[in-house]
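Novice: Need the 3D shape of this:
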Amino acid sequence: MKTRSPHPVRGRAAFTLIELLIVITIIAILAAVAVPVGNKVIIAARKASAKNDCVQLVNSIKMFYTEYNRYPVAGGGAGEGPFDTNRQLMDVLMNNRNSPEVAEMNPRGIAFFEPSKISKEAKGHGFVDGTRDFNDPWGTPYQVYIDVDYDEHVEVPRMYSQQTSNSTLPKGCIAHSAGPDRDFNKIRDNVTSWE
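Specialist: Residues are numbered from 1 along each chain as shown. Just a heads-up that it's a prediction; the model follows:
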């Protein structure tokens with residue numbers, strides 16, 4: 001006669017501790033691989049956005065020049081830049097009539113620059129409330145150099161002078177971003193309109 005165990009054998013309804021540790025370890029390894037790859041993708045996307053902004057800024061300045069046969073710089077300007085802020089330039093290019101200089105510099109009231117929806121809504125990128133500066137995806141205002149002496153050349157910003165054999169570029173204007181490190185002098189990750 002068979003005796004029955006007081007505790008009937010049941011099917012396995014739970015994971016063992018070893019199985020849980022193995023699953024957690026696999027998830028941790030996958031996360032450790034995915035996070036750096038994800039960060040690289042985000043940085044690449046922000047660099048592409050900054051490049052697009054730089055090119056769009058330069059094209060807007062060229063359109064202004066085509067329309068008015070002069071650059072959007074008050075009083076002829078002294079030097080080629082960088083301008084401490086880009087807010088006056090952006091006011092003129094966007095036809096911001098709240099700025100008194102705009103009516104004088106852009107009398108036809110043409111909006112040459114229209115920021116993307118991302119630039120308007122992203123925190124730190126685009127236009128930050130209160131400053132009116134146009135910022136790159138990392139929150140630093142773009143620097144713009146304009147040929148204010150109309151010699152059809154813009155001086156290469158000093159931080160790039162060792163990278164190129166020419167001290168000037170045959171362009172009417174250029175723009176650049178400091179990149180993820182937010183330092184214009186460390187050019188390894190800067191984003192430019194001319195390269």
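Novice: As a check, name the ranges of all strands in this structure.
Specialist: Here the chain has its strands, by DSSP state E, at 126-127, 134-135, 143-146, 154-155, 168-169, 173-177, 191-192.
Novice: so which of these comes closest to Pro72?
Specialist: Each of the strands of the chain was scored for nearness to Pro72 using Cβ to Cβ, and the closest is strand 143-146 (7.9 Å). Quick note: C-beta positions are derived from backbone N, CA and C, even for glycine.
Novice: Just the buried positions in the closest one, please.
Specialist: Gln143, Val144, Tyr145, Ile146 (16 or more other Cβ atoms under 10 Å).
Novice: what do you get for stretch 177-193?
Specialist: Within stretch 177-193, the residues that qualify as buried are Ser177, Ala178, Gly179, Pro180, Phe184, Ile187, Asn190, Val191, Thr192, Ser193, counting by 16+ other Cβ under 10 Å.
Novice: End to end on that stretch, go ahead and measure it.
Specialist: The first residue of stretch 177-193 is 9 Å away from its last residue (Cα to Cα, to the nearest Å).
Novice: what is the mean pLDDT for that stretch?
Specialist: The average pLDDT within stretch 177-193 is 90.
Novice: quick check, distance from that stretch to the centre of its chain.
Specialist: Between the centre of stretch 177-193 and the centre of its chain there are 10 Å (Cα atoms, centre = their mean, to the nearest Å).
Novice: surely Glu155 meets Tyr145?
Specialist: Yes: the criterion here is Cβ atoms under 8 Å, and Glu155 meets it with Tyr145 at 7.0 Å.
Novice: ok, back up a step: now tabulate the strands of the chain in TSV and tack on distance to Leu30.
Specialist: As requested, those are exported to TSV (distance: least, Cβ to Cβ, whole Å):
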stretch	distance to Leu30
strand 126-127	34
strand 134-135	35
strand 143-146	41
strand 154-155	48
strand 168-169	46
strand 173-177	33
strand 191-192	31
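Novice: Need the contact partners of stretch 93-106.
Specialist: Applying Cβ atoms under 8 Å, 6 or more residues apart in numbering, the contact partners of stretch 93-106 are 57, 60-61, 64, 68, 72, 74, 88, 90-92, 109-115, 132.
Novice: Inside helices: which ones of these?
Specialist: Counting by DSSP state H, the part of these found in helices is Leu57, Ser60, Ile61, Phe64, Tyr68, Gln88, Met90, Asp91, Val92.
Novice: Burial check on the first one, number of neighbours?
Specialist: By other Cβ atoms under 10 Å, 24 other residues sit near Leu57.
Novice: need the helix or strand of this protein with the lowest average pLDDT.
Specialist: Ranked by mean pLDDT, DSSP states H and E, the helix or strand of the chain with the weakest confidence is helix 117-121, at a mean of 55.
Novice: Chain neighbours aside, what residue packs nearest to Phe184?
Specialist: Ala178 (4.6 Å; Cβ to Cβ, 6 or more residues apart in numbering).
Novice: circling back: just the buried ones from the contacts of stretch 93-106?
Specialist: Buried by 16+ other Cβ under 10 Å: 57, 60-61, 64, 72, 88, 90-92, 112-113, 115, 132, out of these.
Novice: Many thanks, we can stop here.
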